[in-house]
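**Q** sequence first, predicted coordinates after that:
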Amino acid sequence: MMRDCSKSRAGFDRVLMAVAATFLTVSATSAMAQQADGARNSAAELAIDAAIPRPESANVPPPTVNDFKPDAAKPDVTASVPDAAKAPAPDATKTAEKPAATPPSAVATAPAGKTEDSKNDAGKTDTATTTPAATTPAVSTPATATATPAAEPATEPVKAASNVPAADQPVADKLRDMLSAKSSHYFDRKAERAAVEKYYTAHDFAPLWTQGGALTEPAKGVIARLKGAASDGLNAEDYPVPDFTAATNPDALAEADLKLTASMLDYARQAQSGRMHWSQVSGDISYPEHPVDPSEVLANVTGAKDASAALDSYNPPQKLYRELKKKLAELRGQGDGPVIQVADGPALKFTPSRSKKETAVAVEDPRVPQLRTKLGITENAGDDHYDAKVAEAVRKFQESVELKPTGILDDRTVKAINSPKRDKQIDTVIVNMERWRWLPRDLGAPAIGDAYVILNIPDYTLKVMQHGAQVWTTKVVTGKPGIHATPLLTETMKYITVNPTWNVPPSIVYGEYLPALQQDPTVLERMGLRLEHNRDGSVHISQPPGDGNALGRVRFNFPNKFLVYQHDTPDKYLFAKDERAFSHGCMRVQNPDQYASILLNITEPNEHYTPEKIRSMYGSSEIDLKFPTPIPVNITYQTAFVDDAGKLQFRKDVYGRDGLMLSMLRNSKNKDMETIVAHSQPSYSHPVGNIPSGTSFASDNSPYSSGPSFFERLFGGPTPAPAPPRPQRRIFTR
């Protein structure tokens, strides 16, 4: 019995040793995973690792009472544990070498419940190199053994494939660098800079104007349009064209690409809105802004079949502008064809014969036919000999432009010949083309057949247009030069007033009538005028409806900040004069009853208005006839225009606008001229000076009434709070 107990005890001891060995294995493995370098520190540790059996990868359940059996039933208890202790010494060395080749993190971060088994040639697991299970129910696993798998080392993102051809990729790389580092060097306007950066980025920074270093067809069209900018009344020098033939490396090609893009955007902007802003010219000009969208320009021009035509489309589309452009070409001797340029080249000289024995020398050059055309030589137009006739024409041209009259075609002469011809008529046409750029692209209202009113101040005429044709015209009287000049504007006519009250403009009140009161306190009453104070403290003078009213019988209202309008007048004799600048700024119409019926029939065709119907409304009470659709009114200043017969007409520069604009175009920088100038408007909130005693007011008890302001009286506005009823009194003076 003692032997049996001892055998049982010996078996139990072996099981405990096996469990202890398992615990030591897990602990040792965890400790090994926490070491930074993962290497074994001593030979003793290697021996221990070799002697300690390692569990299989499956989770082993803890021992139970059934595991403790007599030796007879289970001769060798250690058979249930891998016999790693009997492994030969070389395996221990192998085990020590393999972890050294694997980083410690690879062991520490292995997913729980999984192992990386190294398979031998026979397909069996090499237990000496197997990572132990992360956890077993029998022991507590260190935290490092069950840590969440670490993220894989960061890898460099894969670059998206570029759509840029290989030949253009170096240029694209340079464009990317230039736009990221110094795009403001080429595009100083924020909106243009942002649009360009976005457009190039969307196209992988591929060059817009070259492919494989050669100019594309759109590039050729844009360059042709920029070089011919003079035909549009613009200055070609404002849109420099880079020399692509000299761009022989990616840096130069990228820079040329950006410079051409910048010139294209400058052309589109100035072709549509003008080289100068209208506020630069005068404070009595107000047109709606219509700037170009640089993103739209880039997409439109680069994607067009004809890039030159696409860029040309930013010029005014109106017929009167296009007719001026044709006349400009005729004045320059260019006709309707393209602008002819004499190419650069060697100097050309004609050598006459000095004697009968000598022969005159007329050199041949392919540029001579171009030269003949530019100088108006029609004889032998295709001859390429620089003969005596051509040399004499060159000499006369040199005299006309204050060059030394040598008759030799040198570089300075070529440049002068290629420069746009200038004379007074040409300058006048150019400034009028510039003013056309200020006007809206759509002059009329689409809902009523593109109908609009256009009034030309220097010509003293008003026209009603519809469906692109003239419907009606009449003479007008406009403002005097100076402070009473008729303003240039675009507004919409909203209604007509029959039997209008004349609300005297503040400029006349303070500039003329109040000073007149100082001389004669009864002057306003004798003129049939009423004097009141507005609720804002300003002085208001008005004249009730009647035959003697300064506005006549009809007023045409298009609310504007200049407080001007069109109206009838009792002074019909002024229409017989050729020059009719006599008003205080408003426009007097010769035939207001016809004008009113024309406008009303456009907006209300079913009402069948006639001049007789308008005249039947004349009386002592105001009648407002509102338009269902407002009609645009365009007040222009055309000192040069083409009449219905196709003849170029010139008119006197009554306000001096042409001379000022020409001076600015010649002497100022375009960027400065494009800056908006704020003009202060006069304030009439309080009377200037004291109103003399004895002046009659059209109100009771107080010189201040609760009436509307001048703008509200003139064009309508918020209805003021009703004043307490007062008895009507007759106006009298003391």
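**A** Done, it's in. Note that the structure is a prediction, hence the values are computed from the model and not measured.

**Q** where does the stretch 301-450 of the chain dip in pLDDT?
**A** Scanning the stretch 301-450 of the chain for pLDDT under 70 picks out the ranges 334-339, 421-422.

**Q** now the nearest residue to A246 once chain neighbours are set aside: which helix or strand?
**A** Leaving aside its chain neighbours, A246 sits nearest to A252 (7.0 Å; criterion: CB to CB, 6 or more residues apart in numbering). C-beta: built from backbone N, CA, C; applies to glycine. Using DSSP states H and E, A252 sits in helix 250-273.

**Q** give the next helix or strand downstream of the least confident helix or strand in the chain by mean pLDDT.
**A** In the chain, the helix or strand scored least confidently by mean pLDDT, DSSP states H and E is helix 104-108, which has a mean of 38. Next in sequence after helix 104-108, counting helices and strands by DSSP H and E, comes helix 169-182.

**Q** which secondary structure elements does that following helix sit against?
**A** In terms of contacts (3 or more CB pairs under 8 Å, 6 or more residues apart in numbering; DSSP states H and E), helix 169-182 is packed against helix 190-202, helix 250-273.

**Q** neighbouring contacts of that helix?
**A** The contact list for helix 169-182 (CB atoms under 8 Å, 6 or more residues apart in numbering) reads 162, 164, 186, 196-197, 200-201, 204-207, 210, 213, 250-251, 253-255, 257-258.

**Q** and it, how far out from the chain's middle?
**A** How far helix 169-182 lies from its chain's middle: 23 Å, per CA atoms, centre = their mean, to the nearest Å.

**Q** tell me the buried residues in the helix holding A252?
**A** Residues of helix 250-273 classed as buried: 250, 252-273 (neighbour count, 16 or more other CB atoms under 10 Å).

**Q** how far out from the middle of the chain is it?
**A** 14 Å.

**Q** which outside residues touch stretch 353-370?
**A** By CB under 8 Å, 6+ apart, the surrounding residues in contact with stretch 353-370 are 340-343, 345-346, 348-352, 381-388, 390.

**Q** need the helices for the stretch 451-600 of the chain, in chain order.
**A** 506-508, 514-519, 523-526, 592-603 (DSSP state H, counting those that start in this stretch).

**Q** which is the next helix or strand following the last one?
**A** Next along the chain after helix 592-603, taking DSSP H and E as the criterion, comes helix 611-615.

**Q** what is the helix or strand following that following helix packed up against?
**A** For helix 611-615, the following helix or strand on the C-terminal side (DSSP H and E) is strand 623-636. Contacts defined by 3+ CB pairs under 8 Å, 6+ apart place strand 623-636 against strand 452-456, strand 488-498, helix 592-603.

**Q** immediately after strand 623-636, which helix or strand?
**A** Next along from strand 623-636, by DSSP H and E: strand 640-642.

**Q** ok, and what's touching that following strand?
**A** 320, 323-324, 327, 425, 428-429, 432, 456, 459, 648-651.

**Q** in strands only, show me those.
**A** Among the contacts of strand 640-642, DSSP state E puts 456, 648-650 in strands.

**Q** going by distance to P240, which of the residues you listed wins?
**A** L648 (31.7 Å; CB to CB).

**Q** which non-adjacent residue is nearest the closest one?
**A** With CB to CB, 6+ apart, the residue lying closest to L648 is K327, at 4.6 Å.

**Q** same list, the helices and strands packed on helix 169-182, but as CSV with mean pLDDT and distance to M664 please.
**A** As requested, the helices and strands packed on helix 169-182 are exported to CSV (pLDDT from 0 to 100; distance: least, CB to CB, whole Å):
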stretch, mean pLDDT, distance to M664
helix 190-202, 96, 23
helix 250-273, 97, 14
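
**Q** dump the ones you listed to CSV, plus distance to L662.
**A** Formatted as CSV, the helices and strands packed on helix 169-182 follow (distance: least, CB to CB, whole Å):
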stretch, distance to L662
helix 190-202, 28
helix 250-273, 16
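
**Q** out of those, the one nearest V554 is which?
**A** From the helices and strands packed on helix 169-182, taking CB to CB, the stretch that ends up closest is helix 250-273, at 35.7 Å.

**Q** follow-up on the earlier one: now the helices and strands packed on strand 623-636 as TSV including mean pLDDT and distance to T639?
**A** As requested, the helices and strands packed on strand 623-636 are arranged in TSV below (pLDDT from 0 to 100; distance: least, CB to CB, whole Å):
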stretch	mean pLDDT	distance to T639
strand 452-456	98	9
strand 488-498	97	13
helix 592-603	98	24
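
**Q** let's have the ones you listed in TSV, adding distance to L226.
**A** Output for these, formatted as TSV (distance: least, CB to CB, whole Å):
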stretch	distance to L226
strand 452-456	31
strand 488-498	30
helix 592-603	42
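
**Q** redo these as TSV? Include mean neighbour count and distance to E674.
**A** TSV is the format used below for the helices and strands packed on strand 623-636 (neighbours: other CB atoms under 10 Å; distance: least, CB to CB, whole Å):
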stretch	mean neighbour count	distance to E674
strand 452-456	23	26
strand 488-498	21	18
helix 592-603	22	36
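
**Q** I'd like to know which of these is closest to G659.
**A** When the helices and strands packed on strand 623-636 are compared by CB to CB, strand 488-498 sits nearest G659, at 16.2 Å.

**Q** and the angle from that closest one to strand 452-456?
**A** 120 degrees (axes from the mean of the first three to the mean of the last three CA atoms, to 10 degrees).

**Q** from the contact counts, what lies against strand 488-498?
**A** Applying 3+ CB pairs under 8 Å, 6+ apart, we find strand 488-498 packed against strand 285-286, strand 554-557, helix 592-603, strand 623-636.

**Q** again, only this time at 7 Å
**A** strand 554-557, strand 623-636 (3 or more CB pairs under 7 Å, 6 or more residues apart in numbering; DSSP states H and E).

**Q** if you compare those, which one is most tucked away?
**A** strand 554-557 (a mean of 25; mean count of other CB atoms under 10 Å).

**Q** quick one: average pLDDT of that strand?
**A** Here strand 554-557 scores 97 as its mean pLDDT.

**Q** tally of neighbours for the residue nearest to L648?
**A** K327: 21 surrounding residues under other CB atoms under 10 Å.

**Q** quick one: contacts for it?
**A** 429, 642, 648 (CB atoms under 7 Å, 6 or more residues apart in numbering).

**Q** T428 now?
**A** T428 sits next to 639-640, 650, 658 when contact means CB under 7 Å, 6+ apart.

**Q** run a quick neighbour tally on S616.
**A** S616: 11 neighbours (other CB under 10 Å).

**Q** what about K424, neighbour count?
**A** K424: 10 neighbours (other CB under 10 Å).

**Q** typed the wrong thing, it's A167
**A** By other CB under 10 Å, neighbour count at A167 equals 12.

**Q** wait, it sits on G212?
**A** Yes - here A167 reaches G212: they are 4.3 Å apart, a contact under CB atoms under 7 Å.

**Q** how near is K198 to L179?
**A** Using CB to CB, to the nearest Å, K198 is found at 10 Å from L179.

**Q** looking at these two now, which is surrounded by more residues?
**A** A count of neighbours by other CB under 10 Å puts L179 above the other of K198 and L179, at 19 against 13.

**Q** could you report the pLDDT at the more buried one?
**A** pLDDT at L179 comes out at 94.

**Q** can I see the domain layout of this structure?
**A** 2-146, 166-315, 350-419, 440-498+553-636, 502-543+668-734 (automatic domain parsing).
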